[in-house]
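>>> Okay, here's the prediction I keep looking at, along with the sequence it came from:
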Amino acid sequence: MCGIIGAASSRSVGKILVNGLKKMEYRGYDSAGLVLNNESEAIQLKTLGKVANLEDLMIEKKPRAQSGIAHTRWATHGEPSQKNAHPHTSNGTIYIVHNGIIENHDELRERLSNDGYKIESETDSELIAHLIHSNKENGKSTLEALIEATKALDGAYSIAVIDTEQNGKIFAAKQKSPLLVGRGIEENFVASDPLAIAGLSESFYLLEDGDFAVITQDEIKIFGSDGEGVSREETIIDTRVKEVSKDGYKHFMEKEIYEQPKAIANAIEGRTTEGDVLDNIFGLGSSESFNRVKRIQFVACGTSLHAAKTARKWFEELCETPCYIDFASEYRYRNPLVEDDTLFVCISQSGETADTMAALNYAKEEKYLGIVTICNVPTSTMARESDWKIFTNAGPEIGVASTKAFTTQLAALMLLACSISKSKDINGEKRAEAIEDLVNTPALVKEAFGLKKHIDDIVEKIADKKNALYLGRGVYFSIAQEGALKFKEITYIHAEAYPAGELKHGPLALVDETTPVVALAPEDELVEKLVSNLEEVKSRGGTLYVFGNATSKIKIEKGKFMNMPDCGYYNAPIVYTIPLQILAYEVACSIGTDLDQPRNLAKSVTVE
Ligand code: M6R
């Protein structure tokens, strides 16, 4: 959720830190702060709101120093405020920035208060600074004091520390929150995301849980939890391709919507052949093991969960395999019964979502056939912790509202369904149809962009409403759920999705002249039933905005019918997603919300 960065360099690091925070602002944006260590003096700056405010303060104060740490916050403990913004200090000598959640904070707060520490903020993070300070007071070195402090912490953390008595050094610790060390020229870094140091380093060490690091401008040392030096493999990440810009679009979300034809093509590229999927695209041994799959357990959150729900039908049809789907945040608390030969599948754009990661860790202890991760970030923890994986290759997604991550996840899920079906040697013809549809998807998505001109006509009619209903049947209910999530996330208008047949069981009470009802009506076996459900809306005065095929017999007196491209059976759900993304985006633009960074949200949810 929060983003942290630290730098030790032969040059002044203020600008490096602020630029790094800007690139990580998707992780949290309610306050930002940094501390620079200049000889034995600390210069600390904190601002509420966006990183741009911190940048303004930097321009005004012009602090200079060759080492420092910085943070962009997504509030968990304590409101967004100057006092709660990071870095936090103990005694003006130890400064820390933290991403994660310390679960035993109440107990630590009491203990540290009894020890005489005055706790200034409402955060769990400040306590870490006092713990380190207290350990140092007991005669430990800074690294020992940090190691000792983490022994008292229950929860998740990545921490970067400055000790004003150790000029030029950054200390770091990682447990269940992402942290990596980057090697530069006459400078080294720690950061939550390689993106933060794009252009400065391409050589990274991905820290493991329980690791500690000490960096100076010319040295990187990594230690295990016993304080002994350990070596971690050096990974090269081409951060230049991760450099992000809006490319002339107004928002990242807009750019990411219109990037989808290319992103989906990238997700498929090199993974299919004429009429089938290639072997082992999920990693060595995957094809051989997949023929044993009898059941599939999916876990994911938010948009990624909607991808699983949409894809369920493909697994049932192509692999003849029943699927269970859980909210990652709920999965392990229901003590799931795991049957033999169940494949566990995590779906996550970031590969770092704490709830999904916790479910994965739980699954590792159970008798699953294996763990598959579908994610967009090759360096992510989930990718590293899984038996098999596939990357969606969508390119960095910066907008908090997921767009291209969703459609590329659907492409990857189709590849997984085809891989399992191929391993079981069943449903070859359906598989060939699915692959053909998949290959045709980018062109159809491009065609669906043409709907924007029709959507423009309805934006103003929806933007002043308080509620909206989204309806679909079958897999289109899951697409409606994704559409409603997108809509509420960035417009702040309440939107709810229902399977259209469920309307009469309660939600119909919400329908009146002021309720826009968005419906998905592809020409499929359920369309006639859907038409009857839409009649129920019409007779209550609701306004219908329907995306469907011209052939479907839907007559709209109030609202608008928008004709979709002719899709295949397997790619239609992906294509029907597009107008819902555009609708959410255009309505949010007309309202004027901060739609790349909507209120209260963050891109990468690394706390439970
Ligand atoms: O990185 P993940 O796919 O694991 O993230 C899961 C959700 O937090 C994410 O999809 C969220 O729902 C999006 N903001 C929705 O647009």
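Nice, I can see it.
>>> give the contact list for the residue nearest to Q166 when sequence neighbours are not counted.
Sequence neighbours aside, T142 is the residue nearest to Q166 in space, at 5.4 Å (criterion: C-beta to C-beta, 6 or more residues apart in numbering). Where you see a C-beta, it was placed from the backbone N, CA and C, and this is true even at glycine. Neighbour list for T142: 94, 132, 136, 161, 163, 165-166, 169, 171 [criterion: C-beta atoms under 8 Å, 6 or more residues apart in numbering].
>>> Output the helix or strand encompassing I490 as CSV, restricted to C-alpha atoms.
Assigned by DSSP states H and E, I490 falls within helix 475-491. Provided in CSV are the C-alpha atoms of helix 475-491 (Å, rounded to 0.1, in the frame of the first residue of the first chain):
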residue,chain,number,x,y,z
VAL,A,475,-20.7,-15.0,-17.4
TYR,A,476,-22.0,-11.5,-18.2
PHE,A,477,-23.0,-11.2,-14.6
SER,A,478,-19.3,-11.4,-13.7
ILE,A,479,-18.6,-8.8,-16.4
ALA,A,480,-21.4,-6.6,-15.0
GLN,A,481,-19.8,-7.0,-11.5
GLU,A,482,-16.5,-5.8,-12.9
GLY,A,483,-18.2,-2.9,-14.7
ALA,A,484,-20.0,-1.9,-11.5
LEU,A,485,-16.7,-2.1,-9.5
LYS,A,486,-15.0,0.2,-12.1
PHE,A,487,-17.9,2.6,-12.0
LYS,A,488,-18.1,3.1,-8.3
GLU,A,489,-14.3,3.1,-7.8
ILE,A,490,-13.7,6.1,-9.9
THR,A,491,-17.1,8.0,-10.1
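>>> what helices or strands is that helix leaning on?
When contacts are defined as 3 or more C-beta pairs under 8 Å, 6 or more residues apart in numbering; DSSP states H and E, helix 475-491 packs onto helix 302-318, strand 467-472, strand 494-499, strand 516-521, helix 572-591.
>>> can we see that at 10 Å?
Applying 3 or more C-beta pairs under 10 Å, 6 or more residues apart in numbering; DSSP states H and E, one finds that helix 475-491 makes contact with helix 302-318, helix 404-424, helix 452-463, strand 467-472, strand 494-499, strand 516-521, strand 543-548, helix 572-591.
>>> got CSV for the ones you listed, with distance to D193, mean neighbour count and mean pLDDT too?
Output for the helices and strands packed on helix 475-491, formatted as CSV (distance: least, C-beta to C-beta, whole Å; neighbours: other C-beta atoms under 10 Å; pLDDT from 0 to 100):
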stretch, distance to D193, mean neighbour count, mean pLDDT
helix 302-318, 18, 23, 97
helix 404-424, 15, 27, 98
helix 452-463, 32, 16, 96
strand 467-472, 33, 25, 94
strand 494-499, 30, 20, 96
strand 516-521, 35, 26, 94
strand 543-548, 36, 24, 94
helix 572-591, 24, 24, 98
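>>> Could I get those in JSON lines, plus columns for distance to the ligand?
Formatted as JSON lines, those follow (distance: least, C-beta to the nearest ligand atom, whole Å):
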{"stretch": "helix 302-318", "distance to the ligand": "2"}
{"stretch": "helix 404-424", "distance to the ligand": "6"}
{"stretch": "helix 452-463", "distance to the ligand": "19"}
{"stretch": "strand 467-472", "distance to the ligand": "15"}
{"stretch": "strand 494-499", "distance to the ligand": "13"}
{"stretch": "strand 516-521", "distance to the ligand": "17"}
{"stretch": "strand 543-548", "distance to the ligand": "19"}
{"stretch": "helix 572-591", "distance to the ligand": "10"}
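>>> Quick check: beta-bridge partners of I222?
A213 (DSSP bridges).
>>> mind listing what it touches?
I222 makes contact with 172, 181, 205, 207-208, 211-215, 229-232, according to C-beta atoms under 10 Å, 6 or more residues apart in numbering.
>>> Same question for E208.
174-175, 179, 222, 224-225, 230, 232, 381, 384.
>>> coming back round to it: okay, the helices and strands packed on helix 475-491 in a markdown table with distance to E433 next?
What follows is these, written out as a markdown table (distance: least, C-beta to C-beta, whole Å):
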| stretch | distance to E433 |
| --- | --- |
| helix 302-318 | 10 |
| helix 404-424 | 10 |
| helix 452-463 | 29 |
| strand 467-472 | 22 |
| strand 494-499 | 25 |
| strand 516-521 | 21 |
| strand 543-548 | 22 |
| helix 572-591 | 12 |
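>>> Go through the ones you listed and name the closest to I264.
Closest approach to I264 among the helices and strands packed on helix 475-491 (C-beta to C-beta): helix 404-424, 5.3 Å.
>>> could you check the angle helix 475-491 makes with the closest one?
150 degrees (axes from the mean of the first three to the mean of the last three C-alpha atoms, to 10 degrees).
>>> Report the buried residues of stretch 266-285.
266-268, 271-272, 276-277, 281-282 (16 or more other C-beta atoms under 10 Å).
>>> Show me the protein divided up by domain.
Per automatic domain parsing, the structural domains of the chain span 3-243, 245-426, 451-591.
>>> Make a ChimeraX selection of the buried ones in the contacts of E208.
Restricted to buried positions by 16+ other C-beta under 10 Å, the ChimeraX selection for those reads:
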select :174,175,179,222,225,232,381
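>>> Point out the ones among the contacts of E208 that are inside strands.
174-175, 222 (DSSP state E).
>>> By mean pLDDT, which helix or strand of this protein comes out lowest?
Ranking every helix and strand in the chain by mean pLDDT, DSSP states H and E puts helix 527-539 at the bottom, with a mean of 85.
>>> next one: stretch 379-394 to chain centre, how far?
Between the centre of stretch 379-394 and the centre of its chain there are 13 Å (C-alpha atoms, centre = their mean, to the nearest Å).
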